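Asker: Quick one: sequence plus predicted model below, questions after.
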Amino acid sequence: MSDDSSIVKNDDLSIQIANILKNNLNTQTTNHKLSDSLQISIKLNSQNYALWARMIRVAIGGKSKALLTHLSGNPPNKTDEKYEQWEQDDLVVFSWLIQNIEPSLASNLTEFPTSKTLWDALVVTYSSGKDKLQTFDLHVKANEFKQNGLPLEDFWIVLQGIWGEIERRDPNPMKCADDITAYNTIRAEQKLFQFLNALDQKFDPIKREILRWDPLPTAEAAYAAVRKETAHQNILRTGSSPSQGIAAGLITTEAEGAGYATQRRPIVKSSGIPTRVDKSKLKCTHCGMVKHTKEQCFKLVGYPEWWGDGHKKGKKDEGEASVTVGNLKATNSDAYNRTGAVMAVAADFVEQDTGHQDGNDYWTWH
């Protein structure tokens, strides 16, 4: 009997020692984790409570899920054997909260006795709760927000911030799984439309393409498509810059070659359709012919070099001017002054090709 009782006592002692060692090990591990500081990316101020509250809860839960009860649960009785450990944990949570509040605000919050009382005070002071006016303002911002030249990434971050605040203040109210899915689908489509509507006008082609997709993508997928298209455009624009410069140079050269003619009377409209000037009321006082004036008469200003064989050339004593199309050189100062008129008539002839010789070495203009 004595041997059996001694064996039982030894077993009980071994179990007690094992439990003590286990408890000490868990306590050391827990205390090591709780002794670490806790810092999140933002500090609480008067404007960011909703975001801050979400982030601090996630951070505390990451340390220990049991510690989240310190923000909502009541403490045990002081006579309870667990009270000492609870108080130690609560002091750690309290310090984490204070560390992540702006110093100007934290200085007035250190006198609260527990983490829960501090948390409740923050909710009352800084949370707007279900303030429908602020919810309304957020929905207005989401619908009216425009890119207005912002970089695509910066624009997307701002818009996501607005949507996140709406989700926190106006969460999905549905209970049934099917209703929850349907509500989320509707809200996702609204976010897509808000994103596309806010983009700058230069993205209109890709916006139209996205709206043709079936089914419609999420706003996130649409952003990825726009961002990819923007990268492609930047690559192509960089590669085509030299050719654009060459084309611009050609246009400039042609404009300079046209000289006074382009300044006095444009030959082509902005739409690309040739113009036709009504000359039916014009009459030359020098040769008596119609549809041109004395200043435009080839008899006085001379015939251009492109005038074909069989047409009479003007003589120098009649005021011949040697006109070169493109550089507008003239050998006679009087003819040079009339170069613009010559070019206007010549260009109109080349473009319309409606004149004909009347048999008397005069040119009849139509």
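Answerer: Perfect, thanks for sending it. Numbers count the residues shown, from 1 in each chain.
Asker: Which parts of stretch 142-156 count as buried, going by neighbours?
Answerer: 142, 145, 147, 152, 155-156 (16 or more other Cβ atoms under 10 Å). All C-beta atoms are positioned from the backbone trio N, CA, C, and that covers glycine.
Asker: swap in stretch 208-218?
Answerer: Buried residues in stretch 208-218, counted by 16+ other Cβ under 10 Å: 210, 216.
Asker: Can you tell me what sits against it?
Answerer: For stretch 208-218, the external contacting residues (Cβ atoms under 8 Å, 6 or more residues apart in numbering) are 188-189, 191-192, 196, 222, 225-226.
Asker: repeat that with 10 Å
Answerer: Outside stretch 208-218, the residues that touch it by Cβ atoms under 10 Å, 6 or more residues apart in numbering are 185, 188-189, 191-193, 195-196, 203, 221-226, 229.
Asker: Please apply the same query to stretch 170-188.
Answerer: 130, 132, 134-136, 138-139, 163, 166-167, 215-220.
Asker: Going by neighbour count, which of those comes out on top?
Answerer: residue 219 (21 neighbours; other Cβ atoms under 10 Å).
Asker: Could I get the contacting residues of that one?
Answerer: Counting by Cβ under 10 Å, 6+ apart, residue 219 has contacts 156, 159-160, 163, 188-196.
Asker: Any chance of TSV for those, columns pLDDT?
Answerer: As requested, the contacts of residue 219 are exported to TSV (pLDDT from 0 to 100):
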residue	pLDDT
156	94
159	93
160	92
163	92
188	94
189	95
190	95
191	95
192	96
193	96
194	95
195	96
196	96
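Asker: any idea which of the residues you listed is closest to residue 293?
Answerer: Relative to residue 293, the closest of the contacts of residue 219 is residue 196; by Cβ to Cβ it sits at 58.2 Å.
Asker: how about the nearest residue to the closest one, chain neighbours excluded?
Answerer: residue 207 (4.9 Å; Cβ to Cβ, 6 or more residues apart in numbering).
Asker: element containing the one you found, please.
Answerer: Secondary structure assignment for residue 207, by DSSP states H and E: helix 204-211.
Asker: now residue 189
Answerer: Using DSSP H and E, residue 189 sits within helix 177-198.
Asker: tilt between that helix and helix 204-211?
Answerer: Angle between the axes of helix 177-198 and helix 204-211 is 170 degrees (criterion: axes from the mean of the first three to the mean of the last three Cα atoms, to 10 degrees).
Asker: Helix 177-198: which residues count as buried?
Answerer: Neighbour-count burial for helix 177-198 [16+ other Cβ under 10 Å]: 190-192, 194-196, 198.
Asker: Check the gap between residue 83 and residue 90 for me.
Answerer: Separation of residue 83 from residue 90 (Cβ to Cβ, to the nearest Å): 10 Å.
Asker: so what's in contact with the two at the same time?
Answerer: Shared contacts of residue 83 and residue 90, counting by Cβ under 10 Å, 6+ apart, come down to residue 75.
Asker: The two - which one has more neighbours?
Answerer: Counted by other Cβ under 10 Å, residue 83 and residue 90 do not tie: residue 90 has more neighbours, with 20 against 13.
Asker: Verify the stated contact: that one with residue 113.
Answerer: Yes. Counting by Cβ atoms under 10 Å, residue 113 is a contact partner of residue 90 at 9.2 Å.
Asker: so what sits against both of these two?
Answerer: Common neighbours of residue 90 and residue 113 (Cβ under 10 Å, 6+ apart) are residue 75.
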